[in-house]
Each structure stands twice: as structure tokens, then as C-alpha cells.
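Visitor: Here is my input, please return the structure:
(one chain, ligands or ions: 1)
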Amino acid sequence: MSKLFGNLATERRSICSSKKREGGKFLDTIKAVVQKVIREGKHGPFAVATSNQLEGSVTLSLEPTVWMEKEWPEEGMIVFLGELRQKRAGWRAKHGRFWKPSDEQTQQTERSKQMKNVELIKGKCAICRGPIDKQWAGENPSLGTMCRNCSDKRDEVFGLENVEIVVQKHLRFDPLLGVHEYHFDWRGSRIMVNGKVGTIISPQADGDFVRFEGEKTRSLGTFIKGVGYWDLLRIYKAAGGETEPPALDFGSYTPTKAELLDEPILVVKVEMDNGNIHNIQVGNRSTGFGRMFAPTELPNLSTLHAFANLYVRYKFGLVHNYCAEGGFLGNDFEVRNAEMFTGDVGLSVRMNRLADDFRYVNTPEDFHRLAVKEGLVGMIAEREQSRPGVIKDASAHEVLSTWVNVMETLLRYDWREFTFETVEDVWKHYCRMQDVLLNIMSVDELTEALAYVRKGKMTHCGSSY
Ligand SMILES: [Zn+2]
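Guide: Numbers count the residues shown, from 1 in each chain. Predicted coordinates:
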């Protein structure tokens, strides 16, 4: 899932792996945009440019031996840079001039020449060219499918020499959930299959939708197996790409109690049904048509929500709800997060979970499946409830009133002033959350709860809390 909770720093970088980057690391020529011109540098005039073809910036001297034009470039101008060298302080170009329309064509052809073609035959194994078992790959295997015997040699189909990688790295940083990692967007990377150059449109886990020269721009393209998200990551690593974000060191934080507002800035509304809690809504968004993709009322709402969920799991020894929406399972009740995707924030609650589930059991297989699931839930619950200090067998009312208390406390602070552009912003927010929480828990309990939250997030494909 590419949606990111609680952190919003983004980084864009790009490398071109079709050119080998060995030892001294060089790229021959690139198209770049001038970011600034320094007329009186210590070593003479120079310009700084950036390019989506490589990471970081490129420094270019404007002395006549390097800059070939009579006039100096200005900010925002597109330039052609050559003989690139990587120095300790970044890239240096030994040759520069203005970009010409004819460079566009040359660059495309040059790149295609450097990409090695991959021959793939429909219905035949991409490696041994043998037949592909229908039971193994289905009636209509995609181009690039491997036979059963070759399936563990997928690295041999696409590699550094036949993929030109373009990557946008999005940094996920969420100190609350203990996340600090890159998510890679490979769209725009190129491959050559059967003599045609294709652009990767939509990367999937085991393959990609690729649009080849001549294919309609509205079409999703052709599905090619063997060049999916993880393959591209492997190739990017082999090209020397950075896959780990730079280490952060914010030190440790000692919280001090923050002053709370009289009222929460968003309403937490509890809806009852026959004496049972049925729904808890946060905020008063319209739930009518048109809410899709609308921004939430508070950018940090999902982070606050994550804390409230994981805190009640910590306190009452509850089990994570493995459904896509996330949530938690308690003593014969089930809680799901309202769907974040549609902009709803809050919880929906189902009482008498067991009786309800067993009502739909019609066959011995159903019964078996449910028994296995319940057995697992029971085992995890037992383990969770054996932690010291856990309040065992809490009712839905106890759990949910604690959840509401935590959520309302977190909302008695004006978060609207916070921005989430950089990792520092995210860290500051995390620290302030702790200040706010000291109003309802001791420093020791907060420390323990935060440690639990960092470990307690889910990493399956549904919600992480
Ligand atoms: Zn094979």
C-alpha cells in the first residue's frame, strides 16, 4: 500500500543505470536545469544544476574552458552537461553548453542503444524457451513467464544491462510506528523487449504494465513478468542506488506536560444501538457523495488514531484485527477502523462477534476455518494478556471509553498549526503528542506504551494499526 500514515516527507531522485557506474562512477552526458548561478565564486564563476538522471546536484564552472557559450546561463535554463565526475562534494561537469532541440533525439537513441534487448516468446519460458505448464501458469501466461523449473532463476531475465531505471523515492518516516524507510516509485523506467522500447506504467509485485512504442497512450500497456517492484529494487541496488534512507539522530526526548484546550478541536461522537456502542465517529465530515480523496480535516489525524488503537491494545491485551481496515478484537467484540480511504475516521464496532460468526457457518469446512482463526486469536490474546499490568477480559465499554478518552485528549490540542513537510516536522509532532499524553498517563506508562506501539504495527497489506 503506498498510502503513508503520519509522515509526509518526500524525496525525488533518479539514476540512470544503463550506464555502468564503476569505481570512479561516471555518466557521460545529461540534460540538466540550472538552479543558481554564482558570479563571484572563490574559484571563479559557476552554476549549480540538477537533473532527473542523477542524484544530487551538478556543479559547473563558467570559465571558458568548461562553459562553451558566449553568454552565461540563467536560473531555470536547460543545459547539456558532459564529462561528469563524482567528487566528494557531489557531481562536477567538465563540459557544458545550452540544450539544443537535436539533443533530445540523440539522447533517446543513445539510451536505446545502451539498453540490451530481451527476447520473449508468448507461451514459452523466458529462460529455457521450453513449454509452460498450464496448471502452473494458467491458460494465458503473460510475456516473460518462466516455467516451473526456471522460476527460481528470474534474476536472469531482467538485469542491470537491460533496464534503465528511473526512480522516485518517497521517504516514510513515522517515529510513532517505528517506520523509517523508502518507498520506491519505478514509473518511467524503461526496458527493451523484442526490439521495442517500453516505459513502465504501473509496477506490480511480480511484473509490470509496460507501454511499448506505438501502443496507445490511453492503454495500460502489456503485462511483462519478471520486472516487478522487487526486481527493479534488486537492479537498482546492483546499480549502486541508495536503498536505505540516511540515518536520523534526534536523540531522546523528555516530554513536559502540555496545556490542553477546554474542548477537542474535532468532535468524537459515540453512536449507541440497544445499549451497545455501534460507531465512533471523529470529526463531522459529510459522509455523502464526493468525499473520496478529500483531504482529512487534520493531516495528523491518522497518527492520532494509530496511537489510540495501539494504546488500547497495549492496555487491555487486545489482538490486532487482520482485516484490511485494521482495528482490534476484544472479548467477544470486533472493532474495525472506518475506511481511511474514503476519508472516514473513527471505529465501527460489532458485538457478539462469535455468535455472529458462527451463524454463517454452513459446512464443516466453514467451521474448521473459523475454529482455526479463533484458535489463533485465542493464542495471541492469551500471550498479550499475560504481559504484566494488562487489564484482562475488559468489556467493549471499558475499551472504547478508554479509546475515546485518549482520542479526545489528543484532540484537545490545536494541531492545525503543524506542517508535515520534513522529517523534523514529523519528529516535532511526535514530541508534542507525548507532551499532550502526559495529561492522562505517567511518564513510565507513556514510555512503555510508545515502545509497544513501535513494535505493534502490522506489516501485512492492510492497515498498519
Ligand atoms: Zn524454463
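
Visitor: any low-confidence regions in this protein?
Guide: 1-28, 104-113, 284-297, 339-344, 460-462 (pLDDT under 70).

Visitor: surely Asp435 meets Glu259?
Guide: No. If you go by C-beta atoms under 8 Å, Asp435 and Glu259 don't touch, sitting 9.1 Å apart. (Glycine included, C-beta is placed from N, CA and C.)

Visitor: what's the spacing between the closest residue to Asp155 other than its chain neighbours and the ion?
Guide: In this structure, Asp155 finds its nearest non-sequential neighbour in Arg234, 6.9 Å apart by C-beta to C-beta, 6 or more residues apart in numbering. Noted for Arg234: a distance of 20 Å to the ion, by C-beta to the ion, to the nearest Å.

Visitor: Asp435 and Glu259: who's more crowded?
Guide: Legend: neighbour count by other C-beta atoms under 10 Å for Asp435 and Glu259, higher for Asp435 (17 against 9).

Visitor: A strand includes the more buried one, no?
Guide: No. Read with DSSP: H, G, I helix; E, B strand; the rest coil, Asp435 is helix and lies in no strand.

Visitor: residue contacts, the closest residue to it other than its chain neighbours?
Guide: Distance criterion C-beta to C-beta, 6+ apart; nearest residue to Asp435, sequence neighbours excluded, is Ala258 at 3.7 Å. Counting by C-beta atoms under 8 Å, 6 or more residues apart in numbering, Ala258 touches 413, 432, 435-436, 438-439.

Visitor: let's see it at 10 Å
Guide: Going by C-beta atoms under 10 Å, 6 or more residues apart in numbering, Ala258 touches 412-413, 431-439.

Visitor: Same question for Lys134.
Guide: Lys134 touches 123, 140-141, counting by C-beta under 10 Å, 6+ apart.

Visitor: can you check Leu400 too?
Guide: 270, 276-277, 280, 312, 330, 333, 335, 347, 349, 394.

Visitor: what helix or strand is it on?
Guide: When elements are assigned from DSSP states H and E, Leu400 belongs to helix 396-410.

Visitor: what's the offset of stretch 219-236 from the middle of its chain?
Guide: Relative to the chain's own centre, stretch 219-236 is displaced by 17 Å; criterion: C-alpha atoms, centre = their mean, to the nearest Å.

Visitor: same question, stretch 62-79
Guide: 39 Å.

Visitor: cool, stretch 410-424 as well?
Guide: On C-alpha atoms, centre = their mean, the centre of stretch 410-424 falls 21 Å from the chain's centre.

Visitor: start to end distance for it?
Guide: 20 Å (C-alpha to C-alpha, to the nearest Å).

Visitor: got the buried residues for that stretch?
Guide: Applying a neighbour-count criterion of 16 or more other C-beta atoms under 10 Å, one finds 410-413, 415, 420, 423 buried in stretch 410-424.

Visitor: residues contacting the spatially closest residue to Asp206 that is not a sequence neighbour?
Guide: Using C-beta to C-beta, 6+ apart and skipping residues adjacent in sequence, the residue nearest Asp206 is Gly228, 4.5 Å away. Applying C-beta under 10 Å, 6+ apart to Gly228 gives the contacts 144, 154, 158, 186, 200, 203-208.

Visitor: Inside strands: which ones of those residues?
Guide: When strands are assigned by DSSP state E, the members of the contacts of Gly228 inside them are 200, 203, 207-208.

Visitor: which of those has the most neighbours?
Guide: So for the ones in strands among the contacts of Gly228 (other C-beta under 10 Å), the most neighbours sit at Asp208, 30 neighbours.

Visitor: how close does that residue sit to the ion?
Guide: 20 Å.

Visitor: same question, Ala93
Guide: For Ala93, the distance to the ion - C-beta to the ion - is 45 Å.

Visitor: Does anything pack onto the helix or strand harbouring that residue? Which helices or strands?
Guide: Per DSSP H and E, Ala93 falls inside strand 90-98. Here strand 90-98 touches strand 29-38, strand 46-50, strand 57-61, strand 78-87, going by 3 or more C-beta pairs under 10 Å, 6 or more residues apart in numbering; DSSP states H and E.

Visitor: Between strand 78-87 and it, find me the angle.
Guide: 150 degrees (axes from the mean of the first three to the mean of the last three C-alpha atoms, to 10 degrees).

Visitor: what about dumping the CA coordinates of strand 90-98 to PDB?
Guide: The C-alpha coordinates for strand 90-98 follow below in PDB (Å, rounded to 0.1, in the frame of the first residue of the first chain):
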ATOM      1  CA  GLY A  90      28.900  15.900  -5.500                       C
ATOM      2  CA  TRP A  91      28.900  15.800  -9.300                       C
ATOM      3  CA  ARG A  92      31.200  18.100 -11.400                       C
ATOM      4  CA  ALA A  93      30.700  18.600 -15.100                       C
ATOM      5  CA  LYS A  94      33.800  19.300 -17.300                       C
ATOM      6  CA  HIS A  95      31.800  20.400 -20.300                       C
ATOM      7  CA  GLY A  96      28.700  22.500 -20.700                       C
ATOM      8  CA  ARG A  97      26.500  24.300 -23.200                       C
ATOM      9  CA  PHE A  98      22.900  25.300 -23.900                       C
END
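
Visitor: which residues does the residue located most distally from the centre of the chain contact?
Guide: Distance to the chain centre peaks in the chain at Lys70, reaching 46.0 Å (criterion: C-alpha atoms, centre = their mean). By C-beta under 10 Å, 6+ apart, Lys70 lies in contact with Pro64.
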